[in-house]
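K.L.:
Need a 3D model of the sequence below.
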Amino acid sequence: MALIDATPRSTLATAFASAAQHVIDVWREPGFQTALRREAKRFFRSIASEAGAASQRIRS
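P.N.:
Modelled structure (predicted):
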């Protein structure tokens, strides 16, 4: 961030740099990555379940 802070930039670049720093801060929060993995597992299980159900409907 030091390089970004030391150079003149537009309002858009400032907003982008701020948003990027926020994403990094959230990513580093304790428990965030664990929660993300848990939600990803739940999401992919749901997709697999729906695919299995669709496959059964097609076969019958």
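
K.L.:
for the residue most central in space within the chain, phi and psi?
P.N.:
In the chain, the residue lying closest to the centroid (Cα atoms, centre = their mean) is Leu36, at 7.7 Å. Per-residue torsions, Leu36: phi -60, psi -40 (degrees, to the nearest 10).

K.L.:
Which strand or helix spans Pro30?
P.N.:
Under the assignment given by DSSP states H and E, Pro30 is not contained in any helix or strand.

K.L.:
Just give me the neighbour total for it.
P.N.:
Neighbouring residues of Pro30 were enumerated by other Cβ atoms under 10 Å; the total is 6. (Each C-beta comes from the backbone N, C-alpha and C, glycine too.)

K.L.:
Test for you: state the pLDDT assigned to Ser46.
P.N.:
At Ser46, the predicted lDDT confidence score is 93.

K.L.:
What separation do you get for it and Arg38?
P.N.:
Distance check for Ser46 against Arg38: by Cβ to Cβ, to the nearest Å, it reads 13 Å.

K.L.:
excluding its backbone neighbours, what's nearest Phe32?
P.N.:
Closest residue to Phe32 apart from its sequence neighbours, by Cβ to Cβ, 6 or more residues apart in numbering: Val26 at 6.1 Å.
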